[in-house]
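**Q** sequence and predicted model, in that order:
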Amino acid sequence: MNMACIGDADPFTAAIPATKVELTVSCRNLLDRDTFSKSDPICVLYTQGIANREWREFGRTEVIDNTLNPDFVRKFILDYFFEERQNLRFDLYDLDCKSDNLSKHDFLGQAFCTLGEIVGSLGSRMEKPLIGIPGKKCGTFIVRAEELNNCRESVMLQFCGNKLDKKDFFGKSDPFLVFYRSNEDGSYTICHKTEVVKNNLDPVWQAFKIPVRALCNGDYDRSIKVEVYDWDRDGGCLRLTLIIFGNAHVLTFLSLFVQNGNPQNPYCSGIDGVMEAYYQSLKSVRLYGPTHFSPVINHVARYASAVTDGSQYFILLIISDGVITDMAQTKESIVNAASLPMSIIIVGVGPAEFDEMIELDGDEERISSQGRYAERDIVQFVPFRDYIDRRGNHILSMARLAKEVLAEIPDQFLSYMRTRGIKPGPLPPPYTPCPPSAVHPLLCRRVSRI
């Protein structure tokens, strides 16, 4: 993950972890505001201030002539702070003249979201309807995010074509090239367009310099697709001229974050094993986002699903200081995990808003996803800041925190056993009671037997 300094004077601000994220915007089925042709759309991005909540223009894409389905090449590059709620607004306009004053152009619709929503969406791709014009369907807004690496190299390219298809009735084609970089899900994202060479079936396009980061995000094995289009036919494809294939190895969050360092066998032996793994992890793990809960929950659920006879019960502890960036996927993971022998404890640290974590707690309303409700409550959320003793009694505050963190575990454990009709029995091997000296007495809460 890349680090970006966001302040020069304040050393604390400069140390806040951030990553640079590139946003690519597309739209489908925009309103047609032109009488004798199609709209000429442009997308304008606004960000919202933290203090005054005012919307400020961040940047604009290029204008694409005569299309209702634009794929904008110009990107928006933002610093993503996983612990903040970064509100975004995308406005679409049909440009009717050369004025920079947006009030002189036709409004086509808008979309609201947070940067965390985009990053946390499946494949970091979010799609939602455009709104803003009463009684009108304004089309669909599509945005894709990708974390940028720190590659600073550039490459000089030049292409030519030979005997391209003749698409124009009264003349030759007017070809231009479109470059796409591949994504992890097999799709492609537009990254560059050349100029149009008018009335030519053997075009030679001008050489151009492009950052390697824009072309393949610094991954030299990433696939690149180049297509030829006829400008006069409004994007009609002439012929695919070049595809470069390659493979990229991507490390996942779970391949880096297993406490004992072994994803295939992540178990720890007793309290001593847990403490040893904890101390070792402190040497190699830095805690920052994005805050994806669902991969971790799904990972623990796979182990819990293999042992449903009551002989083992899994407890996942998550410590987080940021907003959840994959809320929809997290809710679905919890609903699925509610039928398994597992509980989830979430401790929120820092000054962030924890509304989403409170929702996951499910004390007021049982959590649901896509119309399915969780079979039982398996989540306990505790904000750490509520247990800081302002008078300096550290031991007392930690005792209150430990009590609250573990408060719902006995009932959650018993609810699973009762619903499955599992009767108590002797503790199965290889687990043995921990010696009293190994566990702090405040953490020893006895789970009643049925």
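**A** Alright, I've got the coordinates. Residues are numbered from 1 along each chain as shown.
**Q** show me the shaky parts of the stretch 151-300 of the chain.
**A** 167-170, 232-290 (pLDDT under 70).
**Q** which stretches in it count as strands?
**A** Ranges of strands in the stretch 151-300 of the chain, per DSSP state E, counting those that start in this stretch, are 154-157, 175-182, 188-193, 208-211, 224-230, 236-244.
**Q** which residues in the stretch 201-350 of the chain form helices?
**A** Taking DSSP state H, counting those that start in this stretch as the criterion, the stretch 201-350 of the chain carries its helices at 212-216, 253-256, 270-282, 294-304, 327-337.
**Q** got it, and the stretch 351-450 of the chain?
**A** Going by DSSP H, counting those that start in this stretch, the stretch 351-450 of the chain shows helices at 355-361, 394-405, 409-420.
**Q** how about JSON lines for these, with mean neighbour count and distance to Cys97 added?
**A** The C-beta positions use only the backbone N, C-alpha and C, and glycine is treated the same way. As requested, these are exported to JSON lines (neighbours: other Cβ atoms under 10 Å; distance: least, Cβ to Cβ, whole Å):
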{"stretch": "helix 355-361", "mean neighbour count": "18", "distance to Cys97": "44"}
{"stretch": "helix 394-405", "mean neighbour count": "15", "distance to Cys97": "62"}
{"stretch": "helix 409-420", "mean neighbour count": "16", "distance to Cys97": "64"}
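**Q** walk me through the domains of the chain.
**A** 1-148, 152-250, 287-443 (automatic domain parsing).
**Q** gap between the first one and the chain center?
**A** Here domain 1-148 shows a centroid-to-chain-centroid distance of 16 Å under the convention Cα atoms, centre = their mean, to the nearest Å.
**Q** returning to that earlier point: got the strands of the stretch 151-300 of the chain as CSV, with distance to Leu414 and mean neighbour count columns?
**A** Converted to CSV, those look like this (distance: least, Cβ to Cβ, whole Å; neighbours: other Cβ atoms under 10 Å):
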stretch, distance to Leu414, mean neighbour count
strand 154-157, 63, 12
strand 175-182, 50, 22
strand 188-193, 50, 18
strand 208-211, 58, 14
strand 224-230, 56, 20
strand 236-244, 59, 13
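**Q** isn't Thr419 up against Leu340?
**A** No - when contacts are counted by Cβ atoms under 8 Å, Thr419 is not listed as touching Leu340 (11.5 Å).
**Q** between the helices of the stretch 351-450 of the chain, which gets the lowest average pLDDT?
**A** In terms of average pLDDT, helix 394-405 trails the rest of those, at a mean of 70.
**Q** ok, Asp377 - contacts?
**A** Listed by Cβ atoms under 8 Å, 6 or more residues apart in numbering, the contact partners of Asp377 are 338, 361-363, 366-367, 408, 412, 415.
**Q** show me which of those is closest to Glu146.
**A** Nearest to Glu146 out of the contacts of Asp377 is Ile367 (Cβ to Cβ; 30.3 Å).
**Q** how far away is that closest one from Phe381?
**A** As defined by Cβ to Cβ, to the nearest Å, Ile367 lies at a distance of 11 Å from Phe381.
**Q** need the overlap of contacts for the two.
**A** Leu360.
**Q** neighbour count winner among the two?
**A** Phe381 (23 against 20; other Cβ atoms under 10 Å).
**Q** hmm, the more buried one is touching Met357, no?
**A** Yes - with contact defined as Cβ under 8 Å, Phe381 counts as touching Met357 (4.7 Å).
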